[in-house]
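**Q** generate coordinates for the sequence data below:
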Amino acid sequence: MSQPSFSSPAFPAMRMRRGRSAPWIRAMLAENRLHPSDFIWPLFICEGQGGEEPITSLPGVSRWSVYRLADRAREAQALGIPCIALFPNTPPSLRTADAREALNPDNLICRAIKAIKDAVPDIGVLTDVALDPYTAHGHDGLVNRAGYVLNDETSKVLVEQALVQAAAGADIVAPSDMMDGRVGAIRAGLEREGHVNVAIMAYAAKYASAFYGPFRDAVGSRGLLKGDKRGYQMDPANGAEALREVALDLAEGADMVMVKPGLPYLDVLARVRDRFGVPTFAYQVSGEYAMIEAAAAAGAGDRDALILETLMAFKRAGAAGVLTYHALDAARLIAG
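**A** Numbering: from 1, shown residues only. Purely as a prediction, here's the structure:
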């Protein structure tokens, strides 16, 4: 059956500006709204008792020692942010070719999970499942002598890594490695070990992007990487391929999916949300954050307005939520 046609009245019977004439009517007619519950706050963890290590390439962002993380979690909860994401800066002495520190139940991220859950049991904790914070070569997986990242061998380690994090209290495990088949393997492992309520947020469409530089500073992997990650992360030229990746991860048991980076891939985000109708998240990555901060510092735009406008772009494209380093700032701005 054909849809009835609609013809908008012509000017002056229709004046679009009527709906923009005052704050109250703009608020009433807004198609999308931001709320603190839309945000996941990424936090970087470091060893030691120093408490805080500012990250030069991410102005306003720091690494936090385990004993200081509880305060950050309390801040997030007080502002209505439902979940935090954890990323460790593993000491160089513990980075090895086989990433064995990833499987240590007393490693940095596991201690951080426990500290947060002891202090703020009702906040969600999302953990990164990938080997790059633990490898001496900076890749997300195990490599052979030729430097090729091994898919199936890596997946076996990722399953054990996810199980260690789940046992420590993680609520969501988020494989960010882009190995084929790893979501199904992790789901099977979680079910086998009784972690049936631990969710999987798959980095389903993770691109080999130029926007990750400050993140690598934050986790201490810049300068370690041998080669690049284009052999397993997605080509920025491809959009339809992302739909195939998402379909595979959902079929393997992903509860939620993610598109990363964010703003340069809004088209992919919108296509994924429209095609699958599942909870779809975006990661506003470190390079995006740093560009906003640099623009504001240079006087190119109002910082608060830039933060809220970019986050609204994710909502407009269909994101269920956004991982953003601006989470605290945005939540405070929304609260007024």
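**Q** and the strands in the stretch 101-250 of the chain, which stretches?
**A** Secondary structure of the stretch 101-250 of the chain, counting by DSSP state E, counting those that start in this stretch: strands at 124-129, 172-175, 199-206.
**Q** nearest to Ala218, out of those?
**A** strand 124-129 (11.9 Å; Cβ to Cβ). In short, each C-beta sits where N, CA and C put it, glycine included.
**Q** returning to that earlier point: got TSV for the strands of the stretch 101-250 of the chain, with distance to Val219 and mean pLDDT too?
**A** Supplementary listing: the strands of the stretch 101-250 of the chain in TSV, determined by distance: least, Cβ to Cβ, whole Å; pLDDT from 0 to 100:
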stretch	distance to Val219	mean pLDDT
strand 124-129	9	98
strand 172-175	14	98
strand 199-206	15	98
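**Q** ok, Arg100 to Phe314 distance?
**A** From Arg100 across to Phe314, the span is 37 Å (Cβ to Cβ, to the nearest Å).
**Q** looking at these two, which one has more neighbours?
**A** Taking Arg100 and Phe314 together and counting by other Cβ atoms under 10 Å, Phe314 has the greater number of neighbours (27 against 15).
**Q** wait, that one touches Gly262, no?
**A** Yes - taking contact to mean Cβ atoms under 8 Å, the distance of 6.2 Å between Phe314 and Gly262 places them in contact.
**Q** mind listing the shared neighbours of those two?
**A** Leu269, Ala282, Gln284, Val322 (Cβ atoms under 8 Å, 6 or more residues apart in numbering).
**Q** between these, which is closest to Trp41?
**A** Sorting these by how near they are to Trp41, with Cβ to Cβ, puts Val322 at the top with 10.1 Å.
**Q** hang on, the closest one packs against Phe314?
**A** Yes - contact criterion Cβ under 8 Å: Val322 and Phe314 qualify, at 4.8 Å.
**Q** shared neighbours of those two, anything?
**A** Common neighbours of Val322 and Phe314, using Cβ under 8 Å, 6+ apart, are Gly262, Ala282, Gln284.
**Q** mind putting those into TSV with neighbour count?
**A** Formatted as TSV, the entries for those read as follows, by neighbours: other Cβ atoms under 10 Å:
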residue	neighbour count
Gly262	27
Ala282	31
Gln284	27
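**Q** only C-alpha atoms, please: export stretch 283-301 in PDB.
**A** Output of stretch 283-301 as PDB, limited to C-alpha atoms (Å, rounded to 0.1, in the frame of the first residue of the first chain):
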ATOM      1  CA  TYR A 283      33.200   6.200  21.200                       C
ATOM      2  CA  GLN A 284      34.200   9.900  21.000                       C
ATOM      3  CA  VAL A 285      37.800   9.000  20.900                       C
ATOM      4  CA  SER A 286      40.900  10.800  22.300                       C
ATOM      5  CA  GLY A 287      41.700  12.700  19.100                       C
ATOM      6  CA  GLU A 288      38.200  14.000  18.900                       C
ATOM      7  CA  TYR A 289      38.400  15.200  22.500                       C
ATOM      8  CA  ALA A 290      41.800  16.800  22.000                       C
ATOM      9  CA  MET A 291      40.500  18.700  18.900                       C
ATOM     10  CA  ILE A 292      37.600  20.200  20.800                       C
ATOM     11  CA  GLU A 293      39.900  21.200  23.600                       C
ATOM     12  CA  ALA A 294      42.400  22.700  21.200                       C
ATOM     13  CA  ALA A 295      39.700  24.600  19.300                       C
ATOM     14  CA  ALA A 296      38.300  26.000  22.500                       C
ATOM     15  CA  ALA A 297      41.800  27.000  23.700                       C
ATOM     16  CA  ALA A 298      42.400  28.800  20.400                       C
ATOM     17  CA  GLY A 299      39.200  30.700  20.700                       C
ATOM     18  CA  ALA A 300      37.600  29.000  17.700                       C
ATOM     19  CA  GLY A 301      34.500  28.100  19.600                       C
END
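**Q** hmm, who's touching that stretch?
**A** Stretch 283-301 is contacted from outside by 57-61, 203, 209-215, 218, 258-263, 302-303, 306-307, 310-311, 314, 322-326, using Cβ under 8 Å, 6+ apart.
**Q** can you flag which of those belong to strands?
**A** Restricting the contacts of stretch 283-301 to those inside strands, with DSSP state E as the criterion, leaves Tyr203, Met258, Val259, Lys260, Val322, Leu323, Thr324.
**Q** hey, where'd the helices end up in the stretch 201-336 of the chain?
**A** Read by DSSP state H, counting those that start in this stretch, the stretch 201-336 of the chain holds these helices, from start to end of the chain: 213-218, 240-252, 266-276, 286-297, 303-317, 327-335.
**Q** so which bits of the fifth one are buried?
**A** With burial defined by 16 or more other Cβ atoms under 10 Å, the residues of helix 303-317 counted as buried are Leu306, Ile307, Leu308, Thr310, Leu311, Met312, Ala313, Phe314, Lys315, Ala317.
**Q** measure Pro175 to Ser93 for me?
**A** 26 Å.
**Q** list only buried entries from the contacts of stretch 283-301.
**A** Taking 16+ other Cβ under 10 Å as the criterion, what is buried in these is 57-58, 61, 203, 209, 211-215, 218, 258-263, 306-307, 310-311, 314, 322-326.
**Q** the stretch 51-200 of the chain: helices as residue ranges?
**A** In order along the chain, the stretch 51-200 of the chain carries the following helices (DSSP H, counting those that start in this stretch): 66-78, 108-119, 151-168, 182-192.
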